[in-house]
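no sequence for this one, just the structure:
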(Lines give C-alpha, C1' and ligand atoms only; values in the text may rest on other atoms or scores of the structure.)
Protein backbone atom coordinates (compact mmCIF):
# COMPACT_ATOMS: atom_id res chain seq x y z
CA UNK A 1 0.00 0.00 0.00
CA UNK A 2 1.48 3.34 -0.99
CA UNK A 3 0.87 6.81 0.36
CA UNK A 4 -0.46 8.94 -2.50
CA UNK A 5 0.60 12.49 -1.65
CA UNK A 6 1.10 15.64 -3.63
CA UNK A 7 4.09 17.95 -3.32
CA UNK A 8 2.23 20.07 -0.75
CA UNK A 9 1.46 17.01 1.39
CA UNK A 10 -2.26 16.90 0.55
CA UNK A 11 -3.69 13.43 0.95
CA UNK A 12 -1.09 12.39 3.53
CA UNK A 13 -3.65 12.11 6.32
CA UNK A 14 -6.96 10.35 6.71
CA UNK A 15 -9.80 12.82 7.29
CA UNK A 16 -11.48 10.94 10.15
CA UNK A 17 -13.67 13.93 11.07
CA UNK A 18 -15.34 14.11 7.65
CA UNK A 19 -15.66 10.34 7.50
CA UNK A 20 -17.35 10.28 10.92
CA UNK A 21 -19.77 13.04 9.96
CA UNK A 22 -20.64 11.17 6.74
CA UNK A 23 -21.31 8.03 8.78
CA UNK A 24 -23.52 9.96 11.24
CA UNK A 25 -25.49 11.50 8.35
CA UNK A 26 -25.91 7.99 6.93
CA UNK A 27 -27.31 6.86 10.28
CA UNK A 28 -29.83 9.73 10.25
CA UNK A 29 -30.75 8.89 6.65
CA UNK A 30 -31.48 5.28 7.69
CA UNK A 31 -33.57 6.42 10.68
CA UNK A 32 -35.59 8.86 8.55
CA UNK A 33 -36.06 6.20 5.82
CA UNK A 34 -37.65 3.96 8.45
CA UNK A 35 -39.87 6.78 9.73
CA UNK A 36 -40.97 7.65 6.17
CA UNK A 37 -41.93 4.00 5.59
CA UNK A 38 -43.44 3.05 8.96
CA UNK A 39 -44.01 6.24 11.02
CA UNK A 40 -42.55 7.06 14.42
CA UNK A 41 -42.39 4.07 16.76
CA UNK A 42 -43.35 4.42 20.41
CA UNK A 43 -42.37 7.72 22.01
CA UNK A 44 -39.56 8.53 19.56
CA UNK A 45 -39.47 12.10 18.28
CA UNK A 46 -36.73 14.29 16.88
CA UNK A 47 -35.38 17.78 17.35
CA UNK A 48 -33.45 18.62 14.19
CA UNK A 49 -31.45 21.84 13.95
CA UNK A 50 -30.10 23.01 10.62
CA UNK A 51 -28.21 25.89 9.07
CA UNK A 52 -30.75 28.07 7.22
CA UNK A 53 -27.92 29.83 5.35
CA UNK A 54 -26.93 26.61 3.58
CA UNK A 55 -27.47 27.27 -0.15
CA UNK A 56 -29.50 24.07 -0.70
CA UNK A 57 -31.96 24.62 2.18
CA UNK A 58 -35.40 25.43 0.79
CA UNK A 59 -37.81 27.07 3.25
CA UNK A 60 -40.45 29.78 2.95
CA UNK A 61 -39.13 33.35 2.89
CA UNK A 62 -40.98 34.22 6.10
CA UNK A 63 -39.28 31.30 7.89
CA UNK A 64 -35.87 32.37 6.59
CA UNK A 65 -36.53 35.90 7.88
CA UNK A 66 -37.58 34.56 11.27
CA UNK A 67 -34.67 32.09 11.47
CA UNK A 68 -31.84 33.78 9.52
CA UNK A 69 -29.03 31.43 10.62
CA UNK A 70 -30.42 28.35 12.36
CA UNK A 71 -33.77 26.65 12.82
CA UNK A 72 -34.87 23.73 14.99
CA UNK A 73 -37.80 21.62 13.88
CA UNK A 74 -39.66 18.85 15.68
CA UNK A 75 -40.80 15.65 14.03
CA UNK A 76 -43.37 14.30 16.44
CA UNK A 77 -47.15 14.72 16.31
CA UNK A 78 -47.83 16.14 12.86
CA UNK A 79 -45.72 16.01 9.78
CA UNK A 80 -46.39 14.72 6.31
CA UNK A 81 -44.68 14.04 3.03
CA UNK A 82 -41.40 12.93 4.58
CA UNK A 83 -39.17 11.99 1.65
CA UNK A 84 -35.58 10.93 2.16
CA UNK A 85 -32.92 11.20 -0.55
CA UNK A 86 -29.20 10.44 -0.54
CA UNK A 87 -28.37 14.12 -0.03
CA UNK A 88 -31.15 15.18 2.36
CA UNK A 89 -34.84 15.08 3.13
CA UNK A 90 -38.02 17.05 2.63
CA UNK A 91 -41.00 17.25 4.95
CA UNK A 92 -44.10 19.37 5.41
CA UNK A 93 -44.66 20.78 8.91
CA UNK A 94 -47.49 22.78 10.39
CA UNK A 95 -46.69 26.34 11.47
CA UNK A 96 -49.76 27.83 13.15
CA UNK A 97 -52.19 25.86 10.96
CA UNK A 98 -50.18 26.74 7.82
CA UNK A 99 -48.46 23.71 6.26
CA UNK A 100 -44.99 24.59 4.94
CA UNK A 101 -42.69 22.32 2.93
CA UNK A 102 -39.03 22.23 3.95
CA UNK A 103 -36.06 20.81 2.04
CA UNK A 104 -33.04 20.11 4.23
CA UNK A 105 -29.77 18.69 2.92
CA UNK A 106 -27.89 16.44 5.32
CA UNK A 107 -24.88 18.77 4.96
CA UNK A 108 -26.96 21.54 6.60
CA UNK A 109 -27.65 19.54 9.79
CA UNK A 110 -26.32 20.98 13.02
CA UNK A 111 -27.96 18.68 15.58
CA UNK A 112 -30.17 15.61 15.64
CA UNK A 113 -31.66 14.66 19.00
CA UNK A 114 -34.11 11.93 20.01
CA UNK A 115 -34.83 12.81 23.65
CA UNK A 116 -37.00 9.72 24.13
CA UNK A 117 -33.82 7.61 24.25
CA UNK A 118 -31.33 10.36 25.17
CA UNK A 119 -29.59 10.15 21.79
CA UNK A 120 -27.99 13.18 20.15
CA UNK A 121 -25.56 14.06 17.39
CA UNK A 122 -23.85 17.37 16.68
CA UNK A 123 -22.36 18.37 13.33
CA UNK A 124 -20.02 21.01 12.03
CA UNK A 125 -21.61 23.23 9.41
CA UNK A 126 -20.07 22.96 5.93
CA UNK A 127 -21.37 24.40 2.72
CA UNK A 128 -20.63 22.97 -0.70
CA UNK A 129 -17.35 24.45 -1.90
CA UNK A 130 -16.01 25.05 1.60
CA UNK A 131 -12.30 24.38 1.84
CA UNK A 132 -11.97 21.12 3.81
CA UNK A 133 -8.42 22.13 4.77
CA UNK A 134 -9.54 25.46 6.24
CA UNK A 135 -9.48 25.67 10.04
CA UNK A 136 -12.80 24.56 11.48
CA UNK A 137 -14.75 26.44 14.08
CA UNK A 138 -14.87 25.09 17.59
CA UNK A 139 -18.06 23.10 16.94
CA UNK A 140 -16.74 20.22 19.02
CA UNK A 141 -15.53 22.41 21.87
CA UNK A 142 -17.24 21.34 25.10
CA UNK A 143 -17.71 24.85 26.51
CA UNK A 144 -21.02 26.66 25.88
CA UNK A 145 -24.03 24.84 24.43
CA UNK A 146 -25.02 25.88 20.91
CA UNK A 147 -27.51 28.68 20.54
CA UNK A 148 -30.80 27.07 19.77
CA UNK A 149 -33.96 28.58 18.41
CA UNK A 150 -37.12 27.26 20.01
CA UNK A 151 -38.34 24.17 18.18
CA UNK A 152 -40.98 24.97 15.61
CA UNK A 153 -43.31 22.97 13.44
CA UNK A 154 -44.40 19.39 13.94
CA UNK A 155 -44.69 19.70 17.71
CA UNK A 156 -47.98 19.51 19.48
CA UNK A 157 -47.24 22.31 21.92
CA UNK A 158 -45.25 22.02 25.09
CA UNK A 159 -42.09 21.08 23.22
CA UNK A 160 -38.88 21.43 25.16
CA UNK A 161 -35.60 22.79 23.82
CA UNK A 162 -32.97 20.19 24.64
CA UNK A 163 -29.35 21.15 25.17
CA UNK A 164 -26.96 18.51 23.92
CA UNK A 165 -24.91 18.98 27.08
CA UNK A 166 -27.61 16.94 28.78
CA UNK A 167 -26.46 13.88 26.82
CA UNK A 168 -22.72 14.27 27.32
CA UNK A 169 -20.97 11.99 29.74
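Yes, it's here. Quick caveat: nothing in here was measured; it's all calculated off a predicted structure.

okay, CA-based contacts and neighbour counts for the rest of this
Fine.

mind listing the helices in this structure by residue range?
16-38, 61-66 (DSSP state H).

which positions in the first one come out as buried?
In this case it means helix 16-38. Judged by neighbour count (16 or more other CA atoms under 10 Å), helix 16-38 contains these buried residues: 21, 24, 25, 28, 29, 32, 33, 35, 36.

identify the farthest-apart pair in the residues you listed.
The largest distance within those, taken as CA to CA, falls between 21 and 36 and amounts to 22.2 Å.

picking that back up, of all the helices of the chain, which lies closest to residue 83?
Using CA to CA, the nearest of those to residue 83 is helix 16-38, at 6.5 Å.

show me what that closest one is packed against.
strand 79-84 (3 or more CA pairs under 8 Å, 6 or more residues apart in numbering; DSSP states H and E).

quick one: the strand it packs on to helix 16-38, angle?
130 degrees (axes from the mean of the first three to the mean of the last three CA atoms, to 10 degrees).

avg pLDDT for strand 79-84?
Averaging pLDDT along strand 79-84 gives 92.

in it, what's buried?
Judged by neighbour count using 16+ other CA under 10 Å, the buried positions of strand 79-84 are 79, 80, 82, 83, 84.

what does that strand contact?
29, 32, 33, 36, 89, 90, 91, 92, 93, 94, 154 (CA atoms under 8 Å, 6 or more residues apart in numbering).

stretch 50-69 too?
70-72, 100-105, 108-111, 125, 127, 149.

just the buried members of the residues you listed?
For those, buried by 16+ other CA under 10 Å: 70-72, 101-105, 108-111, 125.

now for these, which pair is the farthest apart?
Largest separation among the buried ones among the contacts of stretch 50-69 by CA to CA: 101 and 125, giving 22.1 Å.

surely residue 110 touches residue 122?
Yes. Using CA atoms under 8 Å, residue 110 is in contact with residue 122, at 5.7 Å.

and residue 68, backbone torsions?
Backbone dihedrals for residue 68, given as degrees, to the nearest 10, come out at phi -70, psi -20.
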